[in-house]
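Peer 1: got a structure for you, letters missing:
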């Protein structure tokens, strides 16, 4: 469990700062500016300490709620097939282990 005792800022500010840094491609100074829009002055060094302290716990908690762990390596298989006399475009996205991530086909022109 995360301990916020002794912190100068409310836990909502700390958690939102850490979330913005981890989720979006922002620097500590960018997050400092965003928090400054709330009329809260925080130093980028404090943000770095918060990320170092709280990100491992947040990451472990988020992993529990992820339904599927997709691999970063995938490929796209695509082809045209004839279904009931109509040409259809079909594709599927397959991950490294051969599991289908997404699949779809669209009815094309009549030939």
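Peer 2: Looks like it came in fine. Because the structure is predicted, anything quoted here is derived from the model rather than measured.
Peer 1: which regions of the protein lie under the pLDDT threshold?
Peer 2: Applying pLDDT under 70 to the chain flags residues 64-72, 103, 105-111.
Peer 1: According to the record, where do the domains of it fall?
Peer 2: Listed domain ranges for the chain are 11-65, 74-110 (source: automatic domain parsing).
Peer 1: Please identify the deepest-packed of these.
Peer 2: Mean neighbour counts were taken over those using mean count of other CB atoms under 10 Å, and the top value, a mean of 14, falls to domain 11-65. Bear in mind the C-beta positions are built from the backbone N, C-alpha and C, glycine included.
Peer 1: For residue 55, see how far away the residue nearest to the spatial centre of the chain is.
Peer 2: In the chain, the centroid-proximal residue (CA atoms, centre = their mean) is residue 23; its distance is 6.2 Å. Note on residue 23: its distance to residue 55, by CB to CB, to the nearest Å, is 11 Å.
Peer 1: need the next SSE after the longest helix anywhere in the chain, C-terminal direction.
Peer 2: Among the elements of the chain assigned as helix by DSSP state H, the one spanning the most residues is helix 44-65. The C-terminal neighbour of helix 44-65 among helices and strands, as given by DSSP states H and E, is strand 74-83.
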